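> Give me a 3D structure for the following:
(chains A and B, ligands or ions: 4)
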Amino acid sequence: MRAIQAMLALEDGRVFRGRGFGARAEAAGEVVFNTSLTGYQEIFTDPSYAGQIVVLTNPHIGNYGTTPSDAEASRPYIEGLVTREFSPISSNWRSTEVADDYLERAGVPVIAEVDTRAVVRHLRTHGVMRGVIASGENLDADALVAKARSIRKMDGTDLASVVTTKTIYQWDANEPRNQTGDTLLPADDAAAAEPMHVVAYDFGIKQNILRMLARENCRVTVVPATTPAEEALKLNPDGVFFSNGPGDPEPLEYAIETVQKLKGQKPLFGICLGHQIFGLALGGKTYKLKFGHHGGNHPILNHETGKVEITAQNHNFNVDPESLPADVERTHTNLNDQTLAGLKHKTDPMFSVQYHPEASPGPHDSHYLFRDFRKMMEEWKK
Amino acid sequence: MPRRNDIAKILVIGSGPIVIGQSAEFDYSGTQACKALKAEGYEVVLVNSNPASIMTDPEFADRTYVEPLTLSYLEEIIRVEAEMMEGRSGAFAVLPTVGGQTALNLAVDLADSGVLEKYGVELIGAKLEAIKKAEDRLLFKDAMAKIGLDMPKSQLVNSVSDGLAFAGKIGFPVVIRPSFTLGGSGGGIAYNREELTDILSRGLDLSPVHECLIEESVLGWKEYELEVMRDLNDNVIIICSIENFDPMGVHTGDSITVAPAQTLTDREYQVMRDAAIACIREIGVETGGSNVQFAVNPHNGRMIIIEMNPRVSRSSALASKATGFPIAKIAARLAVGYTLNEIQNDITKATPACFEPTIDYVVTKIPKWQFEKFPGGDDVLGPQMKSVGEVMAIGRTFKESMMKAIRSLETGKKATAADIEPRRLTQRLVTPHPDRLAYVRYAFEKGMTVREVARMTGMDPWFLNQIKQVTDEIKAVGAVGKGISAEDLRAAKRMGISDERIAAEWGLKSANEVRELRAKLGIHPVYKLVDTCAAEFESYTPYLYSCYDEEDEQAPTARKKIIILGSGPNRIGQGIEFDYCCCHAAFALREDGFETIMVNCNPETVSTDYDTSDRLYFEPLTLEDVLAVYEHEAGAGAEPSAKKNEIGMIVQFGGQTPLNLALPLKAAGVPIIGTSPESIDLAEDRKRFGKLIEELKIPQPEGAMATSVEEALAGANRVGYPVLVRPSYVLGGRAMVIAYDDQEVVRYMSTAIEYSQERPVLIDHFLESAIECDVDALCDGQDVVIAGIMQHIEEAGIHSGDSSCVLPAVDLSDDVLKTIREYTRKLAMSLNVIGLVNIQFAIQRGKVFVIEVNPRASRTVPYVSKATGVPLAKIGSRLMTGQRLKALLPEYVESGNDLDTGAHYFVKSPVFPWGKFQGTDTVLGPEMKSTGEVMGVADNFGEAFAKAQIAAGQRLPVKGTIFMSVNDLDKESVASLARTFVEMGFHIVATHGTAEVLESAGLQPERVYKVKEGRPNVVDLIKGDRIQLIVNTPHGQDTFFDEKAIRRAAVTARIPTITTLAAARAAAEGIAALQQGRLSVYALQALHASREAALA
Ligand SMILES: Nc1ncnc2c1ncn2[C@@H]1O[C@H](COP(=O)(O)OP(=O)(O)O)[C@@H](O)[C@H]1O
Ligand SMILES: Nc1ncnc2c1ncn2[C@@H]1O[C@H](COP(=O)(O)OP(=O)(O)O)[C@@H](O)[C@H]1O
Ligand SMILES: [Mg+2]
Ligand SMILES: [Mg+2]
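Ligands and ions are numbered 1, 2, ... in the order given. Next comes the predicted model:
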């Protein structure tokens, strides 16, 4: 009478049992948890999750179904989903497909009816680790644990070049599903101002970043992660953007070099992985957090305004503030653990944040950063 | 910005008596605020007329005024307090945002009347402009338009004709909302002109500014609430999102609500979040919590804003309990200058309060209604709140939390197909009604589809699908039977299905068999923490809930522990007085070094605040759930030493709810401390109790028991009419009537109630015109200390909870008092009371009868504690742990005196919800109807009574016309009363019977027709504002309807109505005091101190 057996096996030998949904496939990856209450579809489709199995702490997933315009990329990127309950139906006027079918189509397996809180507490105490989701009758726990141990570690792996676009393309802002559909964003006065051209490096870029740039009346050209600085400059942009993306920034030498070349040449803005690349390019170091920041409720202190913004976060690596040279200024701090959350160069026009001002999912408190980027480009043009 | 050091003193305004729409949640928020401000080192002054509240305990403020919440008394308090500050530095501030609508309205009055200015007092928390902008529906509308938020089309009207005109424009149905009333009093939905005329005229009358909003209806839309907080640095965070299970049209207070919101996409949610933030900024609530309500069209996502409350509310209490984020406490600290990032999150310690809680469970709130107590009242749910209390349950899933919430309601089988009327299925689904959820489940049992039910109820299909999953699961489990696999049984328990329900499906007599089966299969609940952060960070506060997942997070400690069972949802007859007692047990036993463990399911209360006890289990108070808690604490899974832990359970303080569990708990091996369950049972058991007091030679009204009409008639005639009939085992005198003849007994037996062999009907000879009094006493098995002998104002026959009473007794002879003390001692000792006992006596022609003995904490404990300054519940709980009265109250054990009340009189008066139940009769009787109580204190009885009446909202007149109509019993004594009134300058109007008596006594009353006699009649006079006070003692059946009409008219016209001569006499004394224009205010601490001094 119930769905098939499923199992989540972790590399340290801990296994959790549940029920299989989504694709009848096996998934392997680094297991992380996200504490957002809303926006599971945005999370499924965030390329930064490539190589990761995501545990969602909200026990009810799938309630409002899925819809193309809530996707952050052309397809889901999570390797697998772990949840407490997976809704058999979808209830929302915007929904076009039940989440279960959506993930099945995308080949993403789901393990539900798991004590997800126990999983989270395990990861919290022992740190993120590799794991495997499998479903079917008489599953062999030991074999799965062994398999988890055999997965390639994320640290030191270049995942960006795997998920990046293979070709240069223009972001079509007129396409309806490419608009934010957010009626309450501050009046879009940028529309009046002169258009700006932004070249956006795609390390696994979330589409809402592109939507937000477009809202700031920017024409956006998206380029592959490995595009050399010279190529980017040939497109003569007013500014260059470095996107979020999966995994460890350290192996991305090509990107670090690009930033070093463009530094001082053009206004630069980086988000998440982009921010980590800035950190490394400016001579800093990055390190891996015990279980990362993944959620929509992290308080960030803006040192300039002294105000707190509630932000969306999704990263396992972080820039070490101590390692940064004197000409780099700390602009934002995560109040939960005092980690560095934003930086800017004292003389060159470049700034970046560790979190996700484009939200989606998450609070809109930090949208202002896109306006700041626009202003920076306007200044630079004069 | 750190703490404001310019402020020295802060006046916190409480919310007054428990009424529908303003319940225990404001005791919780007020208590938190007082604690927080005191901890910050401010001088805290509190005013609240409600003696049952915990916040009015002397230790929570520097000076506590239990005084009427009216402008004049507040001004006097402010004057006195300002005077005390002369020559001292530092400013005086008022915090009006934790006392509900009452406090907010008072703040507006204080400002408008210039009092604040006059005494240089600053409003903190919310400024006047902000309050007005949020509360005045027109200003609010403009403000929302300004920030581009959509609202229903609406117009403010001050007359019925304008209302009809506007409704004509926008079309019916329309929603009527009076300005500045709480819980939407007087609001409604009109589907046609007649209804509009009716509701609107009532609404205009109830609105302090005679103003109503007529609004486009968005019935059937999804309803949401966001709890928002803002600090002086303009940081804004959302604490919790709440989704209403019942769509728009049912007041949020009457809706089943769920946290977090379940059916919003991130896009929709973030837009709502932005709107809430824009709203609080535009309204200008500088600091603290606010509540913003939205409606969303399920078909196209159109979102409109409904209202915002610029203060903590019922929902913020719910949100605090649902997330572990203490909104009121933080709001208080924000009000004195802190910013959110300067405040630490109590639960994680490591992280700041400036974040948005995220939860990994689901919370369901279900309201508790008591329409059965108000026959004739309309039980259809609408925009006006009618529930008297609520339960909350936490589960890992919606299914689990809903099922736990349903059984928390203590309505037993009600939530199943049991008393369903199939013919009414459609009507019950379409029309919002207290049993709608039960009908939804029934509809699925009957095979209706989610779509069909959604169409009829407007409930979101997602919720309905969840419910269907449960009903299907119950079917499946029932089909499998006792041979069920461990896996399947666990799956069922994971959906929150109770052992009892499973037992019923399997046709078992008791749930014990299911419990044993679970034990055999190793299926038991585990406990998880409420931690504000979905386990991202470690939590340091053991706030727990059960579920059937894998991991248990909180092993028991090896400490000595005491489990205290709370009282569950607020209801008439079992209100916050019992929560007060439970909290005090926790406070006292914690001081004594025990680990205190609270079990309760009422989100409004202080007892469910995570720092009231050492451990909080937010669980239903059923045998299954309480036993599970006990087994968990007794050491399941803990280090072996825990098994040997000393552990005890207190069932004495939570009212009837835990008492009903006492015997089964004991049978299951739970060590109950204090008075033994057997004694408790004996006191409730007529036969055995009757024998006991025969032995003790204590008179008791003749009694009988009946399980059939015949037995009832026989019994009634044996004990002699009039008789009092009622079911056994009920609190608050449910379904109790006074019968004067056989017909009435027959009617009662055949219609009023269901009874059975184990639950027979009780029949007592009814003692007419007897004085009743309540006695609270402490006993440790050796000594007895009498805490207070409270004389009721109304005579026996009016439920003790509905009668005003005074401490000390004003006119009981010393002999009577002596007898009462003697009986009390005898009963306490022979019942082996360890802790508190409450006894009710009736004195008829000098003879003292025992009416009932409750070997437990009573409704009057907090009131007596405040009057005497002795914390009865604390002492009671200490006695249960083996301490002695000799040690705790030596001087009283010595002297044998009652606890001292000094030179003052303390009058307690009830507050009734008549306004909420149009059409129900307001006459008092043996069945309790009041929702709350107030206290008035003064150095003379009259003034104390007057203050209590004022506090209760009875506007005693000092001049004008009094209408008198009394029954034959009262005719003898009515004349002297009337004369008193005349001498005080009142004009008397009377119906002929009464008028004749008065005339023969030499008075000249104006005669007036009864309703049926002709016109102009009494009701015409009342409607014409010709009458200021009504004295009407019921005549019994014949004239019944006449009187009912009078009393109804009086309620609508808000004219004080007195239904007993005893109360009328008291009123006369009170009015005399008012005529002298005396206005005294007392701080409890000062009263207690002066008494101490006198004693020493
Ligand atoms: N325009 C409307 N159409 C339908 N129902 C409404 C409308 N406005 C309010 N309601 C219902 O009335 C209830 C009470 O309205 P609200 O503005 O919240 O008053 P209160 O101050 O009593 O909370 C709401 O919870 C909602 O269910
Ligand atoms: N025999 C009686 N004669 C007169 N009044 C009575 C008698 N028994 C009960 N009452 C009245 O009914 C009220 C409720 O009865 P009680 O036994 O106290 O029930 P409860 O358990 O609800 O308090 C009492 O407060 C008293 O006023
Ligand atoms: Mg409301
Ligand atoms: Mg009683």
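
> The residue of the stretch 101-250 of chain A found nearest ligand 4: what secondary structure?
When distances are taken as CB to the ion, the stretch 101-250 of chain A reaches nearest to ligand 4 at A:Arg117, 45.6 Å away. Using the backbone N, CA and C atoms, a C-beta is placed for each residue, glycine as well. Using DSSP: H, G, I helix; E, B strand; the rest coil, the structure places A:Arg117 in helix.

> Where does pLDDT dip in the stretch 351-500 of chain B?
B:412-419 (pLDDT under 70).

> got the residues of it near chain A?
Selection of the stretch 351-500 of chain B residues close to chain A by CB under 8 Å from any CB of the partner chain yields B:351-352, B:354-362, B:396-398, B:450, B:460-462, B:465, B:476, B:491, B:494.

> Of those, which count as buried by neighbour count?
In those, burial by neighbour count holds for B:351-352, B:354-362, B:396-398, B:450, B:460-462, B:465, B:491, B:494, counting by 16 or more other CB atoms under 10 Å in any protein chain shown.

> In strands only, show me the residues you listed.
Mapping those onto strands (DSSP state E) picks out B:Val362.

> least trustworthy helix or strand in chain B by mean pLDDT?
In chain B, the helix or strand scored least confidently by mean pLDDT, DSSP states H and E is helix B:1040-1052, which has a mean of 75.

> So which bits of that one are buried?
By neighbour count on 16+ other CB under 10 Å, the buried set for helix B:1040-1052 is B:1042-1052.

> what packs against that helix?
strand B:960-965, helix B:1018-1023, strand B:1029-1032, strand B:1057-1058 (3 or more CB pairs under 8 Å, 6 or more residues apart in numbering or on different chains; DSSP states H and E).

> ok, back up a step: next step: the residues of the stretch 351-500 of chain B next to chain A restricted to helices.
Judged by DSSP state H, the subset of those located in helices is B:398, B:450, B:461-462, B:465, B:476, B:491, B:494.

> show me what contacts residue 222?
Since no chain was named, I'll use chain A. A:165, A:168-171, A:200, A:202, A:205, A:210 (CB atoms under 8 Å, 6 or more residues apart in numbering or on different chains).

> wrong chain, I was asking about chain B
Residues near B:Lys222 by CB under 8 Å, 6+ apart: B:243-244, B:247-248, B:263, B:295-298, B:460.

> show me the contacts for the residue of chain A found nearest ligand 2.
Per CB to the nearest ligand atom, A:Pro59 is where chain A lies closest to ligand 2, at 42.2 Å. By CB under 8 Å, 6+ apart, the contact list for A:Pro59 reads A:83-85, A:116, B:360-362, B:396-397.

> Can you give me the buried ones in stretch B:675-693?
For stretch B:675-693, using 16+ other CB under 10 Å, the buried residues are B:675-684, B:686, B:689, B:692-693.

> ok, then the element right after the helix or strand hosting A:Arg211?
Assigned by DSSP states H and E, A:Arg211 falls within helix A:207-215. Sequence order places strand A:218-224 as the next helix or strand after helix A:207-215, per DSSP H and E.

> Give me the buried positions along the next helix or strand after that next one.
Where DSSP H and E defines the elements, the next helix or strand beyond strand A:218-224 is helix A:229-234. Neighbour counts using 16+ other CB under 10 Å place A:229, A:232 of helix A:229-234 among the buried residues.

> now check stretch B:900-919, is it near ligand 1?
No - using CB under 6 Å from any ligand atom, stretch B:900-919 never reaches ligand 1; the gap is at least 12.0 Å.

> Now do the helix holding A:Arg211, average pLDDT.
Across helix A:207-215, pLDDT averages out at 94.

> cool, and stretch B:653-666?
Stretch B:653-666 comes out at a mean pLDDT of 94.

> same thing with stretch B:538-548?
Mean predicted confidence for stretch B:538-548 is 95.

> Quick check: end-to-end length of that stretch?
21 Å (CA to CA, to the nearest Å).

> And the helices in chain A?
Going by DSSP H, chain A shows helices at A:40-44, A:99-105, A:116-126, A:141-150, A:160-163, A:207-215, A:229-234, A:253-262, A:273-281, A:368-381.

> how far does the third one sit from the chain's center?
Spelled out, that is helix A:116-126. 21 Å (CA atoms, centre = their mean, to the nearest Å).

> Spell out whether it and chain B are in contact.
Yes - Helix A:116-126 is in contact with chain B by CB under 8 Å from any CB, via A:116-118, A:120-121, A:124.

> What does the one residue in chain A that gets nearest to ligand 4 show for phi and psi?
In chain A, the residue that lies nearest ligand 4 is A:Pro59 (44.6 Å; CB to the ion). Recorded main-chain torsions at A:Pro59 are phi -70, psi -20, according to degrees, to the nearest 10.

> Tell me the spacing between it and ligand 1.
Separation of A:Pro59 from ligand 1 (CB to the nearest ligand atom, to the nearest Å): 27 Å.

> And for A:Val353?
Applying CB to the nearest ligand atom, the value for A:Val353 to ligand 1 is 39 Å.

> Spit out the contact partners of that residue.
A:Val353 makes contact with A:270-272, A:275, A:331-332, A:341-342, A:366, A:369 under the criterion CB under 8 Å, 6+ apart.

> make it 6 Å
By CB atoms under 6 Å, 6 or more residues apart in numbering or on different chains, the contact list for A:Val353 reads A:275, A:332, A:342.

> The closest residue to the last one other than its chain neighbours: how many residues sit nearby?
By that I understand A:Gly342. Spatially, and ignoring its direct neighbours in sequence, A:Gly342 is nearest to A:His332 (2.9 Å; CB to CB, 6 or more residues apart in numbering or on different chains). Look at A:His332: counted by other CB atoms under 10 Å in any protein chain shown, it has 26 neighbours.

> need the residues of the stretch 151-300 of chain A near ligand 1, please.
Of all the residues in the stretch 151-300 of chain A, none lies near ligand 1, going by CB under 6 Å from any ligand atom.

> Just give the nearest non-adjacent residue to B:Asp783, would you?
Leaving aside its sequence neighbours, B:Asp783 sits nearest to B:Leu885 (CB to CB, 6+ apart; 4.4 Å).

> Next: B:Lys404.
Using CB to CB, 6+ apart, the closest residue to B:Lys404 is B:Ala393 (3.5 Å).

> who touches that neighbour in this structure?
Contacts of B:Ala393 by CB under 6 Å, 6+ apart are B:364, B:401, B:404-405, B:408.
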